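1. Have a look at this prediction, sequence included:
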Amino acid sequence: MIEVEVKARVRNFDGIEKELTEIGATKIKKEHQEDVYFNAPHRDFAKTDEALRIRKTFQKKASKIILTYKGAKMDKISKTRKEIEVEIENVEKATLILENLGFSPVATIKKDRESYFLDGFIICLDNVHMVGNFVEIEKEAKEGDDFKTVVEEIFKIYEKLGVTEGFERRSYLEMLGIYI
């Protein structure tokens with residue numbers, strides 16, 4: 001699966017939530033996320049532009065743990081990349097498996113996220129601890145599909161939301177000065 005994503009830094013979410021409602025977006029969830037990122041023993045993810053993380057999500061009534069691999073970015077304007085995810089049951093045991101294979105935890109990113117759905121797109125309002133506020137718009141594509149049209153559609157949604165600047169391709173780790 002290819003995750004087609006564009007992220008923008010915003011000062012706050014004032015007006016964006018109202019615009020989301022006006023353009024027909026539906027709020028689907030509110031959660032807290034904690035992402036533990038790992039570096040590999042056999043290659044430097046900072047050089048290959050890859051990422052490996054374990055994400056814990058916490059909602060009012062449920063939590064979920066997901067192991068995610070992200071490949072290198074595939075273009076110069078978005079954060080589009082190959083993404084492979086699998087739900088896991090036990091974060092401690094998954095971490096032990098990775099550590100015993102030589103992977104090392106590098107940093108934890110914490111964020112509070114509100115997610116909306118609009119015409120196949122997921123729109124997230126993220127308050128990333130120690131980094132700031134961001135709007136992320138993403139949509140899945142099949143490997144081999146031309147994703148450029150999806151990127152254009154994402155920028156049209158940003159226009160409707162009144163977000164015309166602050167677009168960011170760096171990861172939250174890079175924004176914190178952490179290169180794995």
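-> Cool, the structure landed. Numbers count the residues shown, from 1 in each chain.
2. Pretty sure residue 98 sits in a helix.
-> Yes. With DSSP: H, G, I helix; E, B strand; the rest coil as the criterion, residue 98 is part of a helix.
3. What is the burial count for it?
-> Using other CB atoms under 10 Å, residue 98 is surrounded by 18 other residues. (C-beta placed from N, C-alpha, C; glycine too.)
4. pretty sure it is touching residue 38, no?
-> Yes. Assessed by CB atoms under 8 Å, residue 98 is found in contact with residue 38 at 5.6 Å.
5. any shared contact partners between those two?
-> Taking CB atoms under 8 Å, 6 or more residues apart in numbering as the contact rule, residue 98 and residue 38 both touch 52, 54.
6. Quick check: phi and psi on residue 79?
-> Backbone torsions for residue 79, taken as degrees, to the nearest 10, come to phi -110, psi 30.
7. any idea how far the residue lying closest to it once chain neighbours are set aside is from residue 166?
-> Closest residue to residue 79 apart from its sequence neighbours, by CB to CB, 6 or more residues apart in numbering: residue 5 at 4.3 Å. Distance of residue 5 to residue 166, given as CB to CB, to the nearest Å: 15 Å.
8. Those two: which is more packed in?
-> A direct count of neighbours by other CB under 10 Å for residue 5 and residue 166 places residue 5 higher, at 22 against 15.
9. Give me the mean pLDDT for the helix or strand containing the more buried one.
-> Assessed by DSSP states H and E, residue 5 sits inside strand 2-10. If you average the pLDDT over strand 2-10, you get 97.
10. Tell me which helix or strand comes right after it.
-> The helix or strand immediately downstream of strand 2-10 is helix 16-22, counting by DSSP H and E.
11. tell me which residues of that following helix are tucked away?
-> 16, 20 (16 or more other CB atoms under 10 Å).
12. Check which helices and strands it sits against.
-> For helix 16-22, the contact count by 3 or more CB pairs under 8 Å, 6 or more residues apart in numbering; DSSP states H and E identifies strand 104-118, strand 121-128, helix 148-161 as packing neighbours.
13. Quick check: chain neighbours aside, which residue is closest to residue 118?
-> The shortest distance from residue 118 to any non-neighbouring residue, by CB to CB, 6+ apart, is to residue 25 (4.1 Å).
14. From residue 123, how far out is that neighbour?
-> 6 Å.
15. Looking at the two, which is more packed in?
-> Comparing residue 25 with residue 123 by other CB under 10 Å, the one with more neighbours is residue 123, at 25 against 21.
16. Show the pLDDT at that one.
-> Listed pLDDT for residue 123 reads 98.
17. give the contact list for it.
-> Residue 123 makes contact with 20, 25, 115-117, 135-137, 157 under the criterion CB under 8 Å, 6+ apart.
18. List buried residues within these.
-> In the contacts of residue 123, burial by neighbour count holds for 20, 25, 115-116, 135-137, 157, counting by 16+ other CB under 10 Å.
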